[in-house]
Every structure is written in C-alpha cells, then in structure tokens.
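1. structure, please.
(one chain, ligands or ions: 1)
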Amino acid sequence: MNKGLRNVLHWLNLWHMGIMWVIAILLSYFKLLFYSYPESYVLSPHSAFTVNQESGPVACIITGASSGIGKAAAEAVALKGYHVILAGRSMASLYQVAEELQRHHKSIMVEVLVVDVSSTDSIIRFVETVAKLVDDKSLSLQLLINNAGILATTERITAEGYDSMIMTNYLGHYLLTRLLLPILQRSRVPARIVNVGSFTHRCVKGSDHLFSLLSKRELPKNEASLKNKAYQIAHIYEASKLFMVMFTYELHHRLCTETPSMRITALVADPGIVHTAIFRELPRWFSTCIFLLLRCTWLLQSSEVGCRAVVDAAFAPLGCSAKYFFGGQGRVLATSPLSCNKQLANDLWILSERLFSDTILGTTIGGKNSVL
Ligand SMILES: NC(=O)c1ccc[n+]([C@@H]2O[C@H](COP(=O)([O-])OP(=O)(O)OC[C@H]3O[C@@H](n4cnc5c(N)ncnc54)[C@H](OP(=O)(O)O)[C@@H]3O)[C@@H](O)[C@H]2O)c1
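-> Predicted coordinates:
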C-alpha cells in the first residue's frame with residue numbers, strides 16, 4: 001500500500017476510534033444512570049470475602065502493576081491486608097512501585113515478580129516461581145487480577161506468532177489463569193479472578209472473522225514489512241477486551257458446572273476512562289488533545305478513581321461471580337449482547353485452549369494438571 005494512503009487510513013482509524021470510544025463510554029454511563037440494575041455489590045463488614053490471615057498470609061497477584069490502574073489497585077489491595085505480588089515485565093519499574101508503596105505504608109507486604117504476559121515461556125517461569133513462593137511462605141493465593149494491557153499502534157508479532165496486543169490483553173492472561181488455577185484452588189479461602197475489561201468491547205458488533213485475530217502469523221522477514229501494513233488498532237483492542245469479558249463468563253460457567261467444589265469466582269472490572277500511560281504509543285499531541293477533551297467532559301478519571309471498579313470486583317461478596325463492575329460503589333452493568341453469546345464464549349475457550357494445549361495439559365505446575 002502506498003505510504004500516503006496508509007497515513008490517511010491510520011489517521012482516519014485514530015479519529016474514528018476516538019469518536020466511537022466516547023460514544024461507548026457515554027452509553028455505559030447512560031445505562032448506569034438510567035437503567036435500574038437491582039444489584040450493587042458493596043462489601044459489607046460481615047462479608048466472608050475478607051482477608052483472613054489467621055492461617056497464614058493471603059496473597060494477590062496483579063499483572064501490569066508497574067503503572068496506572070494496576071499500581072493504584074495494588075496499593076488498595078495491599079491496604080486491605082493482602083500480600084501483594086506485583087507482576088510486570090520491568091523489574092526496575094516494579095521495584096520502584098514496591099519501594100514507593102512501602103515508603104507510604106510501612107506495614108504493607110509487597111513482592112515483585114517479573115512476567116511478560118506476551119510470552120508463553122515467561123508465563124510458565126512466572127507460574128513456577130509463584131508455586132515455589134506459595135509453598136515457601138505458606139501463602140494462600142486468593143486473588144488474581146489480570147490487568148496488564150497495551151494499546152499497540154503498529155502490528156508486532158510475538159515469538160510464538162501471535163499478535164502482540166491480542167496476546168498481552170487476552171491470550172497471555174488466558175494461559176496465566178489456566179496455569180494458576182490449581183494454586184488458586186488450593187487457597188484456604190475462596191479464590192477470585194478479576195479480569196480488567198473495557199467499555200470498548202461494546203464497539204465490536206459482529207463475530208465474523210473475530211477468531212481469526214487469534215491465529216498464528218508468519219514471523220515477519222523484517223520490521224519494515226510490518227510497518228508497511230495498515231494495523232486495525234481500535235478493532236484489535238476492542239476485540240481483545242471483548243475476549244476478556246467472554247473468557248470471564250465462560251470461566252465462571254465452567255467453574256460452576258464442571259468443578260462446583262472449586263469455590264473460585266470470576267468477575268470483570270471496567271475502569272472507565274483513566275488518565276494513564278495506555279496511550280503511550282499514540283502521537284503525544286493526539287493523546288494530549290484527547291485527554292484535554294475528556295477532562296472538559298468530566299469523563300477522565302485518575303488511576304485512584306479508575307481502579308475502584310477493580311477493587312469493587314476484588315472485594316465483592318463471596319457468591320458474586322460473572323458480573324461486570326463499572327462506575328464504582330459496587331455497581332454492575334450488563335455487557336454487550338455479543339459478549340453474552342454463550343456459544344461464542346465456548347468457542348473462544350476451546351480455540352484458546354487448543355492454542356496452548358501442550359502447555360496447559362502438559363504442565364504440572366502447582367501440583368496438578370489443568371483443573372478444567
Ligand atoms: N486507561 C484507560 O482508560 C483504560 C480503560 C479501560 C481499560 N483499561 C485497561 O486497564 C489496564 C491497565 O491499563 P492502564 O490504563 O493502567 O495503562 P498503563 O499505565 O499503560 O499500564 C499497563 C500496565 O501493563 C503492563 N504491561 C504491558 N505489557 C505487558 C506485558 N507484555 N507483560 C506484563 N505487563 C505488561 C505495563 O507494564 P510496562 O510498564 O512494562 O509497560 C503497565 O504496568 C489495561 O488492561 C487496559 O486495557 C484502561
């Protein structure tokens with residue numbers, strides 16, 4: 001494709017993304033304000049879903065804890081008494097966050113572990129380290145917050161041949177969750193998985209070709225060959241977040257029906273629009289304009305406010321599962337009709353499982369093979 005045309009398409013794509021995402025967030029707030037959802041899951045002081053340290057420390061893993069929503073959620077969760085494992089791909093950034101948190105709150109327990117959720121090998125090494133840590137420190141892994149995510153503006157292919165945004169935002173977390181399930185299952189207290197989704201999942205309207213985003217690509221001969229291709233930034237991000245919502249519902253379904261004794265719940269948290277580094281790959285002037293516009297409309301939140309949906313989901317009462325938290329105060333919303341398509345969610349699960357079947361079925365990390 002000629003360079004001029006590619007640039008025009010790229011900018012059209014970005015502006016289209018900006019407009020569609022503003023419509024999607026407005027729709028979410030509209031639903032929140034004008035539709036009455038009877039449910040609101042605020043943690044009561046008597047809820048069973050509180051940290052019980054009597055039989056040893058209770059741990060929480062947060063991916064992408066080195067900045068933004070993940071960092072804010074880590075602080076909130078650590079203040080509730082969890083032993084927090086900050087997980088991310090940069091050891092230096094994680095240590096910086098750990099030091100900062102410990103400087104502000106002397107009594108909290110934080111630990112850092114490196115994981116690149118776009119790499120299968122790194123995920124396996126991470127889970128092995130977690131299994132050892134849990135045994136050595138008699139930890140009870142109760143909470144997994146799958147938060148890491150990127151908004152990639154160019155196509156990048158991982159070593160295993162997946163689109164990097166799809167792998168980071170969904171596939172990596174699918175694999176991580178599957179491998180951690182045996183450890184979560186062994187938790188002395190009922191465990192919970194919180195997947196960070198986004199209102200942008202509402203922009204995906206049809207399921208045609210959706211699963212082709214999960215297929216393996218040929219590794220590029222050189223970087224230039226990738227740069228020459230137009231990359232569907234918005235669609236791939238939206239799809240990755242839709243996959244996270246469907247994955248949560250299907251995980252809940254399988255945990256309830258296939259292993260009812262597991263006592264693991266799965267929830268989605270949508271932070272809304274939050275001022276973080278997520279737009280780091282977009283031109284600076286463009287993200288500054290977007291943030292300025294959003295600030296004028298009161299839609300833009302700080303990480304501390306944006307992480308409330310994540311914290312609400314993490315501490316919602318015991319029986320709460322397969323809910324989509326949005327807007328704080330323990331409120332939940334209905335998700336898009338496509339995300340509630342049970343057949344599609346089942347297909348997504350089977351396809352994802354097939355991609356990692358060797359890893360999932362072959363591993364005995366955590367003392368047992370895959371529990372689902
Ligand atoms: N900001 C929003 O408006 C918004 C709205 C809805 C949903 N979300 C979702 O919220 C989550 C957190 O995003 P954020 O806004 O807080 O952005 P952020 O500040 O950029 O944080 C993203 C985090 O993910 C980590 N990460 C990226 N790729 C990774 C990888 N391959 N392996 C491990 N960690 C990786 C980043 O680590 P590095 O520092 O190493 O890059 C960073 O800690 C994402 O899933 C995002 O999609 C954000």
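2. phi, psi of the nearest residue to residue 61 once chain neighbours are set aside?
-> Excluding the flanking residues, the one nearest residue 61 by C-beta to C-beta, 6 or more residues apart in numbering is residue 85, at 4.6 Å. For glycine as for every other residue, the C-beta is placed from the backbone atoms N, C-alpha and C. Main-chain dihedrals, residue 85, degrees, to the nearest 10: phi -100, psi 110.
3. residue 85: neighbour count?
-> 28 (other C-beta atoms under 10 Å).
4. how close does it sit to residue 137?
-> Distance, residue 85 to residue 137, using C-beta to C-beta, to the nearest Å: 11 Å.
5. again with residue 238
-> As judged by C-beta to C-beta, residue 238 and residue 137 stand 39 Å apart.
6. okay, those two: which has more neighbours?
-> Comparing residue 238 with residue 137 by other C-beta under 10 Å, the one with more neighbours is residue 238, at 23 against 14.
7. ok but that one is inside a helix, no?
-> Yes. Counting by DSSP: H, G, I helix; E, B strand; the rest coil, residue 238 falls inside a helix.
8. show me what residue 84 bridges to in the sheet.
-> residue 60, residue 110 (DSSP bridges).
9. quick check: residues of the stretch 151-300 of the chain near the ligand?
-> Applying C-beta under 6 Å from any ligand atom, we find that the stretch 151-300 of the chain lies next to the ligand at 168, 196, 198, 271, 273, 274, 276, 277, 278.
10. repeat that with 8 Å
-> Residues of the stretch 151-300 of the chain found near the ligand (C-beta under 8 Å from any ligand atom) are 151, 164, 167-169, 172, 196-200, 237, 240-241, 270-280.
11. show me the residues you listed that map onto helices.
-> With DSSP state H as the criterion, helices contain 164, 172, 237, 240, 241 from among these.
12. want to throw those residues into TSV with neighbour count and pLDDT?
-> Converted to TSV, these look like this (neighbours: other C-beta atoms under 10 Å; pLDDT from 0 to 100):
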residue	neighbour count	pLDDT
164	17	97
172	26	98
237	24	97
240	29	98
241	26	98
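13. tell me who's in contact with the residue nearest to residue 61.
-> 59, 60, 61, 62, 110, 111, 112, 113, 130, 133 (C-beta atoms under 8 Å, 6 or more residues apart in numbering).
14. give me that answer again for 6 Å
-> Neighbouring residues of residue 85 by C-beta atoms under 6 Å, 6 or more residues apart in numbering: 61, 111, 113.
15. by neighbours, which of those wins?
-> Going by other C-beta under 10 Å, residue 61 tops these with 29 neighbours.
16. now, which of the ones in helices among the residues of the stretch 151-300 of the chain next to the ligand sits nearest residue 316?
-> residue 241 (20.3 Å; C-beta to C-beta).
17. residue contacts, that closest one?
-> With contact set as C-beta under 6 Å, 6+ apart, residue 241 has these partners: 197, 198, 200, 201.
18. need the pLDDT of the first one.
-> At residue 197, the pLDDT value in this model is 98.
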